[in-house]
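> would you be able to build a 3D model of this:
(2 chains)
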Amino acid sequence: MADLTPERRQAYWARTSRLMWTIMVLWVIFSFIIPAFAVQLNTIKIFGFPLGFYFAAQGSLVFYVVACFWNASAQNKIDKEFGVAED
Amino acid sequence: MAGTTSKSFVDNLGKIYGVYAGGFIGFVIILAILEQMGVPNKIIGYCFVFLTIGVYAYIGIISRTSEISEYYVAGRVVPPFFNGMATGADWMSAASFISMAGGLYLGGYGGLGYVLGWTGGYVLVGILLAPYLRKFGQFTVPDFLGVRYEGNAARVCGVVVLFCASFTYIVAQCFGIGIITSRFLDIPFEIAIFVGLLGILVCSMLGGMRAVTWTQVAQYIILIVAYLIPVVWLSIKLFGNPIPELAYGQVLDQIGVLEKKLGILKPHAAAYVDAKGQFSWVEFNNFWALTLTLMVGTASLPHILMRYFTTPNVKDARTSVGWSIFFIFLLYFTAPAYAAFAKLEVYTNVIGQNVNALPAWVQNWSQVGGLLTIKDANGDGILQLSEFIINQDIIVLSMPEIAGLPYVISGLVAAGGLAAALSTADGLLLAIANALSHDIYYKMIDKTASTVRRLVVARVLLVVVAIIAAAVAGTRPSGIIQMVAWAFSLAAGGLFVPLVLGIWWKRTTAAGAIAGMVCGFGITLFYLVGTRYFGMTEWFGIRNIASALWGLPIAFVVTWVVSLMTQAPSKEMQEFVDSIRVPKGDLHWVAGQAHD
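Numbering: from 1, shown residues only, chains lettered A, B, ... in the order given. Below is the predicted model of the structure:
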């Protein structure tokens, strides 16, 4: 951290925060917004699954897995760009 | 592996656990052959329970250590992939393994709140907390509170919340262990709990986090194999499709048809309906409230957060969260399928049968503490749906027998459930004992204590807490899943806000954090105890498994307001927070803060 000027540090944290907010918004959509419409979605059926049920049982879970790996790789890129990745 | 973890051990982990998994599958096949040759079920049950506990004990004993950092954080050498597996076992407890599919069976769509809540929290862990706590690099979660909020007041608040949440949680695990051992060893529930207790202690006592880590990886392998095999088997048997997660769309269809035939008013897949099948706002609100509190609780439970203290660096902590949720996902995305298959089997093979011709499993399970009751109420000799009452805690364990699978599968599921309950109990026990021995004893009572003394204190506390937990579980305070959900609420109400704001909002002051913790935890506890034990009316119909719904916003507001009313944290403290936010470089400790 010693290598970072205050401006660079601020820029680094701004980028990190932006990534955080992006994923958090998607997290809210998959965790609360989609389930809120489960009754309406359930009228659509795919391979026997009512869609509202499907999202809560599988769809949102897939998003969580993707989001965690995505966060790790995106944050690693930011770290490298600012030269603060561990050796 | 004498006292420290060698590099060659870490390099060969893939090979070691590969051989282990192969050996376990071979063991299951041998027992399957023995069963066909006529070996009695009881012997098969004994083999599964004792041999798996024996393996955990062996790993626990060879991983014993006298090094402080090995004992508290497994020497910080655990690769992300294996830490993901260990977290999976640490995370998935008796509630996930034994009760969740049962909850889905009984609750239908309503049960999916647990599925969402117990997975989505990892997004919060990975983004908001894990990498920063790893950079902080001490031993426990209260450690962070003590340093960030400069003093023992915050540390003690942290320990109190940790203790209440983890203790509630561990009682539920002992309860689950009791159910399994009593059913498969054929001994009374109260004694079974203490047999299981030995299984917990052999893993954690000698080797602390190091032993628990390597045992948990072994336990994960067993629990996931045990969970997947029966469902895959049924899926092949009924639909010729080896992927149950795809096949159960058809099952949902068939259940729908049977529900109409049996006159069930509440369809399995219908969202937010009451018992009569009508849309209900109370159900709707409880669903999202439960999802939210379980997710936030995930990101507040110290036994999970401390798993990310064990990776070699910050980058690995992040990747490790990804692997954790992946390994957890494998079970969670199968659970709704498990529930659907079980429901189909019960509706087709149990309901409508002659009461006197019911198979032996009904007899066997009826004997385990009133978890299954069958009563021919109208005396017509045929079992009606309303005459068959099954507890959610035994659906998973009894499903192989209900579906007529060989007994070896039942034994396997029991071994899996035991692995799940033991691994979580170990993680929790360690979290409690470490907080008491490190944060209270070492940091506050005797800062000059020697290494040997610190480890002795840690081990004695471990045993004491375990015995008390088992004794409380013997009184059967509540169902597994309810107790676990309470633990999440308590942790969420007390710990989430000070941890997250401590990292993400530099302006958070010690006074603000402490006030927030006290109010958030206080309201959560008040609501839980009030509604559960003193007949208090529920606020807006929210059930007490989501108590933190009230504590969380209050914790946020109080922390925010009090922080702004008090003097901003010192420049030194702000630099310390800055240094936590960046992976590379040393921490900027605030002068006068002891650390090691």
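> check contacts around the residue in chain A that chain B sits nearest to.
Per Cβ to the nearest Cβ, residue A:48 is where chain A lies closest to chain B, at 3.0 Å. Quick note: C-beta positions are derived from backbone N, CA and C, even for glycine. Applying Cβ atoms under 8 Å, 6 or more residues apart in numbering or on different chains to residue A:48 gives the contacts B:248, B:249, B:250, B:251, B:252, B:253.
> got it, and residue B:593?
Residues near residue B:593 by Cβ under 8 Å, 6+ apart: B:147, B:150.
> quick one: it is in a strand?
No - with DSSP: H, G, I helix; E, B strand; the rest coil as the criterion, residue B:593 is located in coil rather than a strand.
> what are the ranges of the helices in chain A?
Counting by DSSP state H, one finds helices in chain A at the ranges A:6-28, A:34-36, A:38-41, A:51-54, A:60-81.
> how about the contacts made by the residue lying closest to the residue of chain A closest to chain B once chain neighbours are set aside?
Nearest residue to residue A:48, sequence neighbours excluded (Cβ to Cβ, 6 or more residues apart in numbering or on different chains): residue B:249, at 3.0 Å. Applying Cβ under 8 Å, 6+ apart, one finds that residue B:249 lies in contact with A:46, A:47, A:48, A:49.
> buried sites along the helix or strand containing residue B:249?
Counting by DSSP states H and E, the element that carries residue B:249 is helix B:244-262. Within helix B:244-262, the residues that qualify as buried are B:244-256, B:258-259, counting by 16 or more other Cβ atoms under 10 Å in any protein chain shown.
> alpha carbons of that helix, as CSV, please.
Output of helix B:244-262 as CSV, limited to C-alpha atoms (Å, rounded to 0.1, in the frame of the first residue of the first chain):
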residue,chain,number,x,y,z
PRO,B,244,-32.6,-35.5,-10.9
GLU,B,245,-32.4,-31.7,-11.1
LEU,B,246,-33.8,-32.0,-14.6
ALA,B,247,-36.1,-34.9,-14.1
TYR,B,248,-38.1,-33.5,-11.2
GLY,B,249,-40.0,-31.1,-13.5
GLN,B,250,-42.0,-34.2,-14.4
VAL,B,251,-42.3,-35.1,-10.7
LEU,B,252,-43.8,-31.7,-10.0
ASP,B,253,-46.4,-32.3,-12.7
GLN,B,254,-47.3,-35.7,-11.3
ILE,B,255,-47.5,-34.4,-7.8
GLY,B,256,-49.9,-31.7,-9.1
VAL,B,257,-52.2,-34.5,-10.5
LEU,B,258,-52.1,-36.5,-7.3
GLU,B,259,-52.8,-33.4,-5.2
LYS,B,260,-56.0,-32.9,-7.0
LYS,B,261,-56.9,-36.6,-6.6
LEU,B,262,-56.1,-36.5,-2.9
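> tell me the mean pLDDT over it?
Averaging pLDDT along helix B:244-262 gives 90.
> C-terminal to it, what's the next element?
Using DSSP H and E, the next helix or strand after helix B:244-262 towards the C-terminus is helix B:281-298.
> give the rounded mean pLDDT of that next one.
96.
> next, the buried residues of that helix.
Neighbour-count burial for helix B:281-298 [16+ other Cβ under 10 Å]: B:283-298.
> return only those of the residues you listed found close to chain A.
Near chain A, judged by Cβ under 8 Å from any Cβ of the partner chain, the entries from those are B:284, B:287, B:288, B:291, B:292, B:295.
> in TSV: those, plus distance to residue B:95.
As requested, those are exported to TSV (distance: Cβ to Cβ, whole Å):
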residue	distance to residue B:95
B:284	23
B:287	18
B:288	20
B:291	15
B:292	18
B:295	15
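> identify the farthest-apart pair in those.
Spatial extent of those (Cβ to Cβ) is set by the pair B:284 and B:295 at 17.4 Å.
> pretty sure residue B:580 contacts residue B:131?
No - if you go by Cβ atoms under 8 Å, residue B:580 and residue B:131 don't touch, sitting 9.3 Å apart.
> quick one: which of the two has more around it?
Counting neighbours by other Cβ atoms under 10 Å in any protein chain shown for residue B:580 and for residue B:131 shows that residue B:131 has the greater number, 31 against 24.
> residue contacts, that one?
A:75, B:308, B:314, B:315, B:317, B:318, B:583.
> what lines up beside the lowest-mean-pLDDT helix or strand in chain A in the sheet?
When each helix and strand of chain A is scored by mean pLDDT, DSSP states H and E, strand A:45-46 comes last, with a mean of 88. As defined by DSSP bridges, the strand partners of strand A:45-46 come to strand A:49-50 (antiparallel).
> list the residues that contact residue 73.
If you meant another chain, say so; for now it's chain A. Not one residue lies near residue A:73 by Cβ under 8 Å, 6+ apart.
> please refer instead to chain B.
Per Cβ under 8 Å, 6+ apart, neighbours of residue B:73: B:139, B:209, B:306, B:309, B:310.
> who wins for neighbours among the residues you listed?
Highest neighbour count within the contacts of residue B:73, by other Cβ under 10 Å: residue B:209, with 31 neighbours.
> wait, it touches residue B:430, no?
Yes - using Cβ under 8 Å, residue B:209 is in contact with residue B:430, at 6.1 Å.
> okay, and the common contacts of those two?
residue B:306.
> where are the low-confidence patches of chain A?
A:1-3 (pLDDT under 70).
> can we see that at 50?
Residue ranges of chain A with pLDDT under 50: A:1.
> do a quick rundown of the helices in the stretch 101-250 of chain B.
For the stretch 101-250 of chain B, the helices defined by DSSP state H, counting those that start in this stretch cover B:101-107, B:112-124, B:130-136, B:141-148, B:152-185, B:189-204, B:208-239, B:244-262.
> the ones you listed: lowest mean pLDDT?
helix B:189-204 (a mean of 86).
> list the helices and strands that one packs on?
helix B:41-62, helix B:152-185, helix B:208-239, helix B:407-434, helix B:451-473 (3 or more Cβ pairs under 8 Å, 6 or more residues apart in numbering or on different chains; DSSP states H and E).
> give me the element the residue lying farthest from the centre of chain B is part of.
Most distant from the centre of chain B: residue B:380, at 43.1 Å, with distances by Cα atoms, centre = their mean. Using DSSP H and E, residue B:380 sits within no helix or strand.
> how far away is whatever residue of chain B ends up closest to chain A from residue B:340?
As assessed by Cβ to the nearest Cβ, chain A sits closest to residue B:249 within chain B, at 3.0 Å. According to Cβ to Cβ, to the nearest Å, residue B:249 stands 9 Å off from residue B:340.
> picking that back up, farthest-separated two in the contacts of residue B:249?
For the contacts of residue B:249, and using Cβ to Cβ, no pair is farther apart than A:46 and A:48, which are 7.8 Å apart.
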